[in-house]
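A.B. asks: Fold the following and give me the result.
(one chain, ligands or ions: 2)
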Amino acid sequence: MKMQSINVLLLIKLLTLHSLLVLSASQDFDFFYFVQQWPGSYCDTKQGCCYPSTGKPESDFGIHGLWPNRNDGSYPSNCDSSTPFDASKISDLTNQMRSDWPTLSCPSNNGLTFWGHEWDKHGTCSESVLNQHAYFATALSLKNEINLLQALERAGIQPNGQKYSISDIKSAIKGASGYTPWIECNNDSSGNSQLYQIYLCVDSSASGFIECPVFPNGSCGSSIEFPSF
Ligand code: 5GP
Ligand code: 5GP
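C.D. replies: Ligands and ions are numbered 1, 2, ... in the order given. Purely as a prediction, here's the structure:
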């Protein structure tokens, strides 16, 4: 073989290797979990909660986070300390963030700590797809696409402290949205299992909901409370 064609082959191999490396370094995940929390279930625990400094959030699910995840159940975290959370990049979104992504941790604060934590821990791992502004804007628009509380209420599942079966809760959401959710429970201060968080899955380019490739671990018991807020 001529020297020239060997060089061309070598170049092609190097380029392929390079693009594979770039691809694996920039997108180390397969899909996202989009996680929303029920404020009543965050607040009625032993630990309790604090309302944001801007006031009590409305009685609705709030965003917890948009989390890059792998098909084997593992997930990357804190991927890029060179792009820390910068509130000035999302100033156009803060009004909507306050209502759709309220913080309930204590002491009472304006939410920047929660949002910053979610960006630093999870958002920096999907920067190949979503920059900081797009990360928050995408989460807000995903919340608007599927109204979880409305889906539940239309199926007669209301936040009134009564008990509901997990399968009824899942069917209500699947029926309204087309997607099977995963339900995470926690315990209220008396130890009753209750609806805490709802997980839906989003494709790796964050363009829309998909059926979850894998669900997290854990279980709720077959019948759980849905407390008021
Ligand atoms: P916990 O241990 O309370 O379930 O979760 C603590 C935190 O770990 C979550 O808020 C989230 O930041 C992260 N986490 C827990 N489970 C998962 C998971 O399955 N996927 C991803 N991407 N993050 C998770
Ligand atoms: P993750 O569990 O996503 O890793 O981290 C949640 C972090 O955000 C914790 O440090 C928690 O104290 C803080 N945080 C602030 N506000 C909230 C909230 O409203 N809900 C939850 N789950 N965590 C919050």
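A.B. asks: Where does Cys106 sit: helix, strand or coil?
C.D. replies: Three-state call for Cys106 (DSSP: H, G, I helix; E, B strand; the rest coil): coil.
A.B. asks: Pretty sure it sits against Cys50.
C.D. replies: Yes: the criterion here is CB atoms under 8 Å, and Cys106 meets it with Cys50 at 3.9 Å. Heads up, the C-betas are built off the backbone N, CA and C, glycines and all.
A.B. asks: Please enumerate the helices of this protein.
C.D. replies: Using DSSP state H, the helices assigned to the chain run over residues 3-26, 39-43, 94-100, 112-121, 132-145, 148-154, 166-177.
A.B. asks: lowest-confidence stretch among these?
C.D. replies: Comparing mean pLDDT across the helices of the chain, the weakest is helix 3-26, with a mean of 51.
A.B. asks: what's the longest strand in this structure?
C.D. replies: strand 193-203 (DSSP state E).
A.B. asks: For that strand, buried residues please.
C.D. replies: Buried residues in strand 193-203, defined by neighbour count with 16 or more other CB atoms under 10 Å: Ser193, Gln194, Leu195, Tyr196, Gln197, Ile198, Tyr199, Leu200, Cys201, Val202.
A.B. asks: So which of those residues is the closest to ligand 2?
C.D. replies: Within the buried residues of strand 193-203, proximity to ligand 2 (CB to the nearest ligand atom) peaks at Gln197, which comes in at 7.9 Å.
A.B. asks: Let me know the pLDDT of the closest one.
C.D. replies: Reported pLDDT for Gln197: 98.
A.B. asks: Report the contact partners of it.
C.D. replies: Gln197 is in contact with Val35, Gln36, Gln37, Trp38, His64, Ile183, Glu184, counting by CB atoms under 8 Å, 6 or more residues apart in numbering.
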